[in-house]
Each structure stands twice: as structure tokens, then as C-alpha cells.
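> for reference, the sequence and a predicted model appear below.
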Amino acid sequence: MNNAHDIVPTHLAVQAMRDNGYKNAAYALAELMDNAIQAGASQVELLCGERKEQGEVRRRSRIEQIAVLDNGCGMDANVLRLALQFGNGTHLDEDKHTGIGRFGMGLPSSSISQCQRVDVWSWQNGIETALHSYLDLNEIKTRQMTEVPEPTPQPIPMTWRNIGHKFGDSGTLVVWSNIDRCMWRTGKAIIDNSEFVIGRMYRKFINSGKVKIRMVAFDLDALYSLIVEKYALPNDPGYLIEKTSCPQPFDNQAMFCHWEGDTSYETTYKINFKDKEHDVKVRFSYAKEEARQAEPGKNPGSLPHGQHAAKNLGVSVVRAGRELELDQNLVNNYDPTERWWGIEVEFPPSLDDIFGVTNNKQSARNFGEILQLDIESLLEESKTVAQLKEELLQDEDPKLPLLELAHKISSQLSLIRRLIKNQTKGTRTATEKRHDPYKPEKVATTVTQERKSQGYKGQSDIDEQLPKAERKKVIKETLKEDGVTESKAELLAATTVDDGLKYTFVESPLDTPAFFSVKPRGGAIIVTLNTNHPAYKNLVEILEEDVDKADIDTLRSRLVNSLDGLKLLLMAWARYEDEQPDGKFKDNAQDTRIDWGRVARRFLENE
């Protein structure tokens, strides 16, 4: 019997714990699977028993019991009793924070979030030695149950012995009954909705072969009548695993490739905590070009593999090999191309306090909060990462060690986004393909040759005598630096050199306030339009949209808007020139305008 003045009356506290924030049954079931993997299980089974019940119109199936079976090391009487206590367990000590488990809340907390009764059988020397204990909310509510019942020998019900596959010499069976909070009403619905999440959470264990997860829905009235039986496949949000739940043609091959930027796709960061260094690994990936290729009349994002990727948006936060969540703080939800990148951050349990891991292991709160910071904007305020660190240090902010990590992730992501944009940038419409796509480059090359004959020399002219292979390599590498994809950079470099073109024209989101960049490389001049610049949107993008599908009013509107953009661009130059002080600076600006106008006239006359 509870004392009337208990700080936390048990019967009320346990009822309140039912609302402990599990997103759905899949996340609650994951707590039981965590325990199984922590116990060394090689197979975990999700068993969903349902029965037909009479509805208003017809009989329908309804979930009645859910069980999780494993072939782990099992529990003795003391450990079993501890496992059913809230906030207790065998991995609470700091020196035991090495695996999936830790908080001592998993089994009871996840169970009562979905059902009113949980029964547990566990054995260490054959199923005949199984011990049993349970929690029942009705008994707790009526104060019949004030402590976890002492485990007693009790046979495992034949229902589970018949349907389960892996009853080894040791193991544990957890059974939920009186299920009243599961949003999915049938065993098939539970499996269909859980497989995606569970496959993602445990992808590393499944892919390595360390653990198999069997998922079964069956009819309790017809014991051997299986409704669904399958093994969970890995679901990799980074799409670097070969055999996954991703639809064809990427079910047996990786859909993404490793990001090879300035650093390797896997970067290890050192975080000092409690006078020890701990490794945090960050992995970057992005979609292969073939994954971005559209079928006739279809956008790649609408294809099955694109829709699969759309469900895996965010930074995958992984603790001890098990995913906690997909953090979406860096996701631009308005941009459909966000599905084509992947970032994974993996850290050890020893950094739980730094990352802010919640006791239901569904998020890393501190890491999410640091990702929400607009670090780039803060740095623009004449601050450095070191200065930001100092401010957080003064505030004794626990997120301090994550600042540099978040900044590196954000910076790398901007480069990956640039590459992704360029995978499909420049794909020409049917109208554009009717004429020579390299006509402007050819016109500019002709005029440049004419100017060279008149004695005008350019920096790029020096490298025209280099071997073709060397010129192509230099041009290709320069284009890749600007975010152009490997295959597209190779094509442009070959076309430029083999066709004798002086110019290569591309579009890319550049990290500069300039509207375009000019780079003399490999005997050519690489002109890159900055797609991040407002002038691009108002002058170029507005005219690049598919004209075949536009009506006359839309086309007229685009032309007017483009003309307005051109006027604003010229007025921006006029203001720049006006702001120059009288004398050399103003004279130089005026001379530049005149000289450029003279060259531009020749280029446009040939057009």
C-alpha cells in the first residue's frame, strides 16, 4: 500500500508515464529490440497476434497481443525483476555505458505506452527453466500491485512456442496484451509501418549479419495461419548499403555514392569530455547521377526510389550503431532535391550527456539545438568559431563541444547541395535541342581569335599549346571545384578541347557575391554563372523554364520580368560607378565600362 504522502504516488506516476513521448509503436518496440541486442541476440522476432471480431457491418481483424522474442543471454530472477522497474537496470553505471542500453526505462516505459499489461519470460538453461513476471496497469491503479512480482517458474504459452523460431538455450519473451494505444489496428499494419523505421534503426546490425529481425503477423484463432512473414531489410538513409529496402533498381545496389570533397566521406572529430577524447564519425553521401535521371514524363523524385528517399530526409544520428533519429534541422523542406543527400553522425554512449540523448532514445536534443543555430550568420557578424565558442563557454552551455562539428557539417552540406543542383542543371528542353547548344561558345571563340590576330592577348592563351589530355584534366578539375558533377565535367572538358572552343559556360551556386566567375584554365576561359545570385533568378532562370508548356501571357510576363532584371543590373553598375571617388577610381570604372562595351559589341555583332 502506498503512503498517502509519497513524493511520487506509484499508481499515479505509472499512469502519467504512459504519455512519455514514444512517436509510435515502432519506436516503443525498438526499446525491446535494444534489450535483445544488448543481451547478444542473433535473432529478434516481432510476433503480432490478431483475432477477428464482429464489427457493425462485417468481421474484421484486430491486434490482440504483440510479442518480441530473442535468443539472447536471458535473465536470472534478480535481473528480470530489475528490468521491470522504472529507472532501474544493469547498465546504469557510467563504466557500463558502452552499448545500446543505459537508462533502465526501456522495457516498462515502452510497454505501458502501448498496452495495459506486459508479461516477461526469460530463461538461461532451456525454455523449461523460464521465469516469469509482469506489470499490470489495472492492478497498479487499484493498488493491488505496488512492486514488481518476484519471478517464478512458469511455462511459456504454446501460442508463442508454436509461432516463434528461435527458442534457444537462453532468451527472453516479452508479451504485450490489453493493447489500447497502438495506432495500427492489425498485425500487418504494425509490420508494414514498423519495418521502415526498424530497418533504419538497426541497419548496421542487419547489414553486418550480426542480427536478423523476423516479423510475423498471424491469426490467434488459427495458430499456423500466417498473414505476413518477412525479415527486415536494412534501410540506409545514406543509401550506401547495397541490399536494402529501397525499391528497384536500387534494391541490390547503392543509390548514393561517397562524398569525396576536400575531406574523405568519413571524417572523425575528437570531442574532449571528462578529460578523455571521444571519436565522433561523420559520413557524407549524395545520389548517383543515374538515380537522378528522369523517365519520360516523370520526375525522378516521383519514382519509387525517389519516394523512398523522400521518407529518409535529415541527418541520421547514430548511437552505438543504432539510429536515434533523423534530425531535420538542416533540411530545406521546400526543396525536393533535399532527398538526394545523406549525412550520418555516429557517436559513442560516453557522449550521451554532450549530445543530450533522451531517456527514450528517440533524439539527441543538444545536437538538434546546435544545428538550429544559423552559424554562418553569426560568423558574418565579425565573429569566428573561436569567439562563438568563448560565448558559449561563458554561458556554460553544454552544447559547446558540438559547435565546430555542426559548423563543419553545415559547410560540407552546402558543397554537396551545389553538386546535386549541378547534376541536372543544364538539362536542355526539347526547344533548346533544336539548335546548336554550343553556339554562343563558338561565336565567342571566333571573335576571340579575331582579337588575338589584332594583337590582344589573354592569360588563357598561354596554355593553349599544352597537350590535349592535360588541358582536359585541368578544365575538368576546375569544373568539379565549382560543383559540376564528374561525368558532366568530363563531357564539357572534352567538348571544349576537342571542338577547339575557347569558352566553357556552366551554372553553379557559388560562395561569392559575384554574379559570375571567370577562370582561365587549360587554355580555355571557364565562365560560371552564380545561381545563388538574384541576377540569375531574374535574368536567366526565368527564361530557362520550359517554354513549350507556357502560354503567351506567361511568356510575355517572363520577358518583362527579365527586362526588369536587366535594368536593375545596369542600374547597380551605375550606382557602383557613381559611388567611386573622383579621380583614378572613377576613371578606371568608366574605362572598364567602355572597354567591356567595345568587346561586347563585337561578340554580339557576330551573333
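Looks like it arrived, so ask away.

> how about the helices of the stretch 51-200 of the chain, start to end?
All helices of the stretch 51-200 of the chain, identified by DSSP state H, counting those that start in this stretch, fall at 77-83, 106-112, 137-141, 158-163, 187-201.

> a markdown table for the ones you listed, including distance to Ser508 and mean neighbour count?
Any C-beta I mention is one placed from the backbone N, CA and C, and that applies to glycine too. Below are the helices of the stretch 51-200 of the chain laid out as a markdown table (distance: least, Cβ to Cβ, whole Å; neighbours: other Cβ atoms under 10 Å):
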| stretch | distance to Ser508 | mean neighbour count |
| --- | --- | --- |
| helix 77-83 | 56 | 17 |
| helix 106-112 | 48 | 25 |
| helix 137-141 | 59 | 16 |
| helix 158-163 | 57 | 14 |
| helix 187-201 | 32 | 21 |
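
> got those as a markdown table, with distance to Tyr239 columns?
Formatted as a markdown table, the helices of the stretch 51-200 of the chain follow (distance: least, Cβ to Cβ, whole Å):
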| stretch | distance to Tyr239 |
| --- | --- |
| helix 77-83 | 36 |
| helix 106-112 | 29 |
| helix 137-141 | 42 |
| helix 158-163 | 34 |
| helix 187-201 | 11 |
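
> out of the ones you listed, which comes closest to Ser350?
Evaluated with Cβ to Cβ, those place helix 106-112 nearest to Ser350, the distance being 19.0 Å.

> related to what we said a few turns ago, closest one to Ala254 among the helices of the stretch 51-200 of the chain?
The nearest among the helices of the stretch 51-200 of the chain, by Cβ to Cβ, is helix 187-201 at 15.5 Å.

> immediately after that closest one, which helix or strand?
helix 203-208 (DSSP states H and E).

> in that next one, what's buried?
Arg203, Lys204, Phe205, Ile206, Asn207 (16 or more other Cβ atoms under 10 Å).

> about what we covered before: Ser302: which of the helices of the stretch 51-200 of the chain is closest?
helix 187-201 (18.7 Å).

> so what's the gap between the closest one and the chain middle?
18 Å (Cα atoms, centre = their mean, to the nearest Å).

> which residues does that helix contact?
24-27, 29-30, 33, 46, 48-50, 61, 63, 66, 182, 184, 206, 213, 215-218, 227-228, 230, 232-237, 244-245, 311-312, 316, 322-323, 326 (Cβ atoms under 8 Å, 6 or more residues apart in numbering).

> end to end, how far does stretch 165-175 reach?
Start-to-end span of stretch 165-175 (Cα to Cα, to the nearest Å) is 16 Å.

> what residues of it count as buried?
Taking 16+ other Cβ under 10 Å as the criterion, stretch 165-175 shows Lys166, Phe167, Gly168, Ser170, Gly171, Thr172, Leu173, Val174, Val175 as buried.

> for the nearest residue to the third one once chain neighbours are set aside, give its distance to Glu605.
When the adjacent residues along the chain are set aside, Gly168 lies closest to Asn71, with 4.0 Å between them (Cβ to Cβ, 6 or more residues apart in numbering). With distances taken as Cβ to Cβ, to the nearest Å, Asn71 is found 81 Å from Glu605.

> of these two, who's got more company?
Asn71 (22 against 9; other Cβ atoms under 10 Å).

> report pLDDT for the more buried one.
Note for Asn71: predicted pLDDT of 96.

> quick one, helices of the stretch 251-400 of the chain?
Under DSSP H, counting those that start in this stretch, the stretch 251-400 of the chain gives helices at 304-310, 352-355, 365-372, 375-380, 385-394.

> lowest average pLDDT across these?
helix 375-380 (a mean of 59).

> what score does the residue lying closest to Arg18 once chain neighbours are set aside have for pLDDT?
Closest residue in space to Arg18, ignoring its immediate chain neighbours: Ile112 at 5.3 Å, by Cβ to Cβ, 6+ apart. Model confidence at Ile112, given as pLDDT, is 90.

> what separation is there between Ile112 and Asp76?
For Ile112, the distance to Asp76 - Cβ to Cβ - is 24 Å.

> for Met511, give me its contacts.
Just to correct that, residue 511 is Asp rather than Met. With Cβ under 8 Å, 6+ apart, Asp511 has these contacts: Ser414, Asn532.

> which SS state does it fall under?
Three-state call for Asp511 (DSSP: H, G, I helix; E, B strand; the rest coil): coil.

> let me see the confidence value for it.
On the pLDDT scale, Asp511 gets 77.

> any low-confidence regions in the stretch 101-250 of the chain?
101-105, 223-224 (pLDDT under 70).

> now do the strands in the stretch 251-400 of the chain.
256-258, 266-273, 276-287, 315-319, 322-327, 341-347 (DSSP state E, counting those that start in this stretch).

> Provide the contact partners of stretch 358-373 at residue level.
20-23, 27, 30-31, 34, 100, 103, 105-106, 109-110, 315, 317, 319, 322, 324-325, 327, 329-330, 345, 354-357, 398-399, 402-403, 405-406, 409-410.

> what about burial for the residues you listed, which qualify?
20, 22, 27, 30-31, 34, 100, 103, 105-106, 109-110, 315, 317, 319, 322, 324-325, 327, 330, 345, 354-357, 398-399, 402-403, 405-406, 409-410.

> now do the same contact list for Gly522.
By Cβ under 8 Å, 6+ apart, the neighbours of Gly522 are Asp463, Leu466, Glu470, Arg471, Lys472, Lys473, Val474, Ile475, Thr478, Ala493, Thr496, Val497.

> and of the buried residues of helix 203-208, the nearest to Arg418?
Arg203 (27.8 Å).

> contact partners for that closest one?
Contacts of Arg203 by Cβ under 8 Å, 6+ apart are Pro234, Asn235, Asp236, Ile241, Thr244, Glu323.

> so the first one touches Cys246, yeah?
To tie it back to what came earlier, the one meant is Pro234. No. The criterion here is Cβ atoms under 8 Å, and Pro234 misses it with Cys246 at 9.3 Å.

> tell me which of these two has more neighbours.
Under the neighbour definition other Cβ under 10 Å, Pro234 and Cys246 were set side by side, and Cys246 has more, 26 against 19.

> that one touches His305, doesn't it?
Yes. The criterion here is Cβ under 8 Å, and Cys246 meets it with His305 at 5.7 Å.
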